[in-house]
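Q: this is a predicted model, with the sequence first.
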Amino acid sequence: GAVVSQHPSWVICKSGTSVKIECRSLDFQATTMFWYRQFPKQSLMLMATSNEGSKATYEQGVEKDKFLINHASLTLSTLTVTSAHPEDSSFYICSARDPLLFEQFFGPGTRLTVL
Amino acid sequence: AQKITQTQPGMFVQEKEAVTLDCTYDTSDQSYGLFWYKQPSSGEMIFLIYQGSYDEQNATEGRYSLNFQKARKSANLVISASQLGDSAMYFCAMREGPEGGSQGNLIFGKGTKLSVKP
């Protein structure tokens, strides 16, 4: 199956700093990528849909200025958590769909801890 | 109203036995897709099986089968011959809209934690 990579796999940062998470589709071109957030023992919540070459579409309640999404190429989307605070600590997972397939592939996730 | 409902927060099954994880969904679309994912403690989401709304036969993938009952809007996952490595969170998900193209996001249920006992 297709592979989606995510980097870093974990990050610890101080409150007030910004953190960038990269998501790459390794063997297919993803015109659309999705960013999810998962709190412990909870389900995945969609944060935003990232479209290559255009602005991301954010879900209700997700702060656009705090969670900056860039989808500059068909294989790379980035999520930047700006001015991170402890409540932003979570597991962030990206996902991409090969337009030729029905499957949606997930990255391994990034565990963010804000001190 | 929830789009995807998984009523079993946790399930136990004896090794080598079969187990059914429940999932019901709510949609007014005629075309949609149903998915099951496994999430072990490492966090990675592993795709297990897919059922399209127009598929007449239940999907099967190795030890996984999807019991699709369209009229009841249920898409239960059946795992046969459970193994210790099957212990994980299992999420049911739905994508509304016609297949094809790159649009449409997955909506997840709350998940079921499956524990396989030796």
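A: Yep, that arrived.

Q: what is the neighbour count of residue 109?
A: Reading this off chain A. Neighbours of A:Gly109 under the rule other CB atoms under 10 Å in any protein chain shown: 23. All C-beta atoms are positioned from the backbone trio N, CA, C, and that covers glycine.

Q: sorry, should have said chain B
A: By other CB under 10 Å, the burial measure for B:Gly109, its neighbour count, is 24.

Q: tell me how many other residues crowd residue 114.
A: Since no chain was named, I'll use chain A. A:Val114 is surrounded by 20 other residues when neighbours are defined as other CB under 10 Å.

Q: could you do chain B instead?
A: Neighbour tally, B:Leu114, other CB under 10 Å: 21.

Q: next one: A:Gln42
A: Using other CB under 10 Å, A:Gln42 has 13 other residues around it.

Q: flag every residue of chain B that's near chain A.
A: Counting by CB under 8 Å from any CB of the partner chain, the residues of chain B close to chain A are B:33, B:35, B:37, B:42-45, B:47, B:50, B:52, B:91, B:95, B:99-111.

Q: quick check on those: which are buried?
A: Buried subset of those (neighbour count, 16 or more other CB atoms under 10 Å in any protein chain shown): B:33, B:35, B:37, B:43-45, B:47, B:50, B:52, B:91, B:95, B:102, B:104-111.

Q: chain A: helices as residue ranges?
A: Remark: no helices are assigned in chain A by DSSP state H.

Q: what does it put close to chain B?
A: Close to chain B, as judged by CB under 8 Å from any CB, chain A has residues A:1, A:30-32, A:34, A:38, A:42-46, A:49, A:91, A:93, A:95, A:97, A:99, A:102-106, A:108-109, A:111.

Q: filter the residues you listed down to the buried ones, PyMOL style.
A: Of those, the buried ones can be selected in PyMOL as follows, counting by 16+ other CB under 10 Å:
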select buried, chain A and resi 30+31+32+34+38+43+44+45+46+49+91+93+95+97+104+105+106+108+109
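
Q: what ranges does chain A have for its strands?
A: Counting by DSSP state E, chain A has strands at residues A:4-7, A:10-13, A:19-25, A:32-38, A:44-51, A:57-58, A:67-73, A:76-81, A:90-97, A:104-106, A:110-114.

Q: ok, the most centrally placed residue in chain B - contacts?
A: Residue closest to the mean C-alpha point of chain B, counted by CA atoms, centre = their mean, is B:Trp36 at 3.1 Å. If you count contacts by CB atoms under 8 Å, 6 or more residues apart in numbering or on different chains, B:Trp36 has them with B:Leu21, B:Cys23, B:Leu48, B:Ile49, B:Tyr64, B:Leu66, B:Ala75, B:Leu77, B:Tyr90, B:Phe91, B:Cys92, B:Ala93.

Q: ok, back up a step: may I see the strands of chain A organised as CSV, with mean pLDDT added?
A: As requested, those are arranged in CSV below (pLDDT from 0 to 100):
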stretch, mean pLDDT
strand A:4-7, 95
strand A:10-13, 96
strand A:19-25, 95
strand A:32-38, 93
strand A:44-51, 92
strand A:57-58, 92
strand A:67-73, 90
strand A:76-81, 95
strand A:90-97, 94
strand A:104-106, 89
strand A:110-114, 97
